[in-house]
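In: with the sequence up front, the predicted model follows.
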Amino acid sequence: MLRANNITLSYGNVPVLAGASVSVEAGQFVSLVGPSGSGKSSLLRAIMGLQETTAGTIETSGLKQTDIGILFQDDALLPWRTALENVALGLRLRGDDPRHALEQAEVWLERLGLTGLCGRFPRELSGGQRKRVALAQVLALRPRLLLMDEPFASLDAIVRARVTQDVVDLVEGERIGVLLVTHDLEEAIALSDVVYLLSNGPRAHIASHYSIPIPRPRNLVKARSHPAFAPLYERLWSDLSEVVDGPRRLGVAA
Amino acid sequence: MKVLDRVWLRQLFALAVVLALWEAAGQAGWLNPLYAPPPSRIAAALFELFSQGAIWSHIEATFGAALGGLVLGIVVGVALGAAAALVPFVAELLEPVMMMLNAVPRVVLAPLCIIWFGIGLGSKVALAFVLVTVLVFFTVYTGIKQVDRRLVERVRTLGGGRWTILREVYLPFVTAWIMGNLKVAVGFAFTGAVVGEFVGASRGLGYLLSFAQSTYNSALMLALVFLIMAFVLAIFGAAGKVEKRLLRWR
């Protein structure tokens, strides 16, 4: 579905990524973790076409640009549009009839537990509610691949757990491929089928990747008590520490 | 006192006290009426202006010049500010010109406007226009440059092109900036119109001010000042209502 091969990019003269490769299959949940400043978000932006690369290829076989959705850390809702209008905007831009777009937007807001909040402006919503609106905005477009850049980082623990479970249920139900950038190793293991670890920057690359054998459909609370969880977390934490503290040879976990 | 719980009531009460003290001082002969006529004489001058009916043509002239300059200034200021923010070459040309115009106390342009456009309506509109255009130019220029890039990226990733981004992001963002400065623009427009009339005109509140000054009629002068203040405040109120309606999302 998505293959980003040997992506190299820099900001001016500052090299960020040097030959990073990740892939996401249909319905697969993939996370990208790594030290701060390693270029996780830059890789995501490059895949979305928001950041130019200096080398490498991005293949999205069978996907049109409109099949890819992105959710940023900030909800980035238009403050002058209501929740309903924000969700309907993407649908209208894809050519939907305005009335149909509003109807669909309402359906998605209800699906994400925002019944009765359609007419509110973003400033009148809580952080969790805004995040749900942003999620509805992206999911209403029926993406086949969803890119998420630490979308839950700004939420408090309870809201974060609930919104994250909503996302898992939706992407599992719709068989959406996901590439999630996160700094939270627990979140990465609990959510993902595969976790990629980026090396320390500059010139970061994929240091290792890990298959997560926790079955789906996944309950995020139960996933954390799965026998595979703790050893994977220890392994990932140890590898991340090595990546941050100094170069060592890293293997590929089964 | 319960009746003074509201802010506007307290303000009205304070105004009434000041006017009463002023009147009492005037009646007691502590203030020279040539310089500071009591409120009753100012009110009488106001009453005379309206009872004779001649004031309406002056109000019409001032309002026409101020509103003409305001509308033209907003249209041209928005166009130039947007062009400068979006096209670097235009910014290179316009920014120094606008900086210079902004640095000059623009009322000194009044005599020049009279020479160029005559003592009729044109020179007053021109002066109000210059004052408003410079303000709106910088408002729009700065506003566009401060547009939240995340919103632009959001609309782009939703499938929006250049025009959609302009309509969905830039336009509402800049409208908010302009509305925030609309009251200042209204004040500038009236300043331009009245100063233009003061320097050279045959009609308008500024012309009446000039007449009152030349005849040492301070009661008429203060009556006109209060009249202009009342009109500008009324427009501020209307602008505030429009702002509240347009920016209800804030």
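Out: Good, I have the coordinates. The shown structure was predicted, so the numbers you read here are calculated from the model rather than taken from an experiment.

In: mind listing what the spatially most central residue of chain B touches?
Out: With distances taken as Cα atoms, centre = their mean, residue B:187 lies nearest the centre of chain B, 1.7 Å away. Contacts for residue B:187 were tallied using Cβ atoms under 8 Å, 6 or more residues apart in numbering or on different chains; they are residue B:232. The way it works is simple: take the backbone N, C-alpha and C, and place the C-beta from them, glycine included.

In: and the helix or strand containing it, how far out from the chain middle?
Out: If you go by DSSP states H and E, residue B:187 is part of helix B:171-199. In terms of Cα atoms, centre = their mean, to the nearest Å, the centre of helix B:171-199 is found 5 Å from the chain centre.

In: what's the answer for stretch A:164-175, then?
Out: Relative to its chain's centre, stretch A:164-175 lies at 12 Å (Cα atoms, centre = their mean).

In: can you check stretch A:238-246 too?
Out: 23 Å.

In: any idea how far residue B:164 lies from residue A:94?
Out: From residue B:164 over to residue A:94 the distance is 11 Å, taken as Cβ to Cβ, to the nearest Å.

In: just want the most central residue of chain A.
Out: Closest to where the C-alpha atoms of chain A average out (Cα atoms, centre = their mean) is residue A:148, at 2.2 Å.

In: how about the contacts made by it?
Out: Here residue A:148 is in contact with A:70, A:71, A:167, A:178, A:179, A:180, A:181 (Cβ under 8 Å, 6+ apart).

In: wouldn't residue B:239 be in contact with residue B:180 here?
Out: No - Residue B:239 is beyond contact range of residue B:180, at 10.5 Å (criterion: Cβ atoms under 8 Å).

In: longest helix anywhere in chain B?
Out: The single longest helix within chain B, with elements called by DSSP state H, is helix B:55-86.

In: in that one, what's buried?
Out: Of all the residues in helix B:55-86, those buried under the rule 16 or more other Cβ atoms under 10 Å in any protein chain shown are B:55, B:58-59, B:61-70, B:72-74, B:76-78, B:80-85.

In: then stretch A:115-128?
Out: Neighbour-count burial for stretch A:115-128, counted by 16+ other Cβ under 10 Å, picks out A:117, A:118, A:120, A:121, A:122, A:125, A:128.

In: filter these down to just the ones in helices.
Out: Counting by DSSP H, the part of the buried residues of stretch A:115-128 found in helices is residue A:128.

In: now do the contacts for residue B:84.
Out: Residue B:84 makes contact with B:90, B:91, B:94, B:95, B:137, B:141, according to Cβ under 8 Å, 6+ apart.

In: so how far is chain A from it?
Out: Note on residue B:84: its distance to chain A, by Cβ to the nearest Cβ, to the nearest Å, is 24 Å.

In: angle of the helix holding residue B:187 against helix B:55-86?
Out: Here the directions of helix B:171-199 and helix B:55-86 differ by 140 degrees (axes from the mean of the first three to the mean of the last three Cα atoms, to 10 degrees).

In: what is the subsequent helix or strand relative to helix B:171-199?
Out: Next helix or strand after helix B:171-199 toward the C-terminus (DSSP H and E): helix B:205-214.

In: who's in contact with that next one?
Out: Residues outside helix B:205-214 that contact it (Cβ under 8 Å, 6+ apart): B:55, B:58-59, B:61-62, B:124, B:193-199, B:201, B:217-218, B:220-221, B:224-225, B:227-228.

In: buried among those? Need that as a selection in ChimeraX.
Out: Under the burial definition 16+ other Cβ under 10 Å, those of these that qualify are selected in ChimeraX by:
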select /B:55,58,59,61,62,124,193,194,195,196,197,198,199,201,217,218,220,221,224,227,228
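
In: so how many other residues sit close to residue A:96?
Out: Counted by other Cβ atoms under 10 Å in any protein chain shown, the residues lying close to residue A:96 total 18.

In: ok, the residue nearest to the centre of chain A to chain B distance?
Out: 12 Å.

In: so where does that residue fall, helix or strand?
Out: Counting by DSSP H and E, residue A:148 is found in strand A:145-149.
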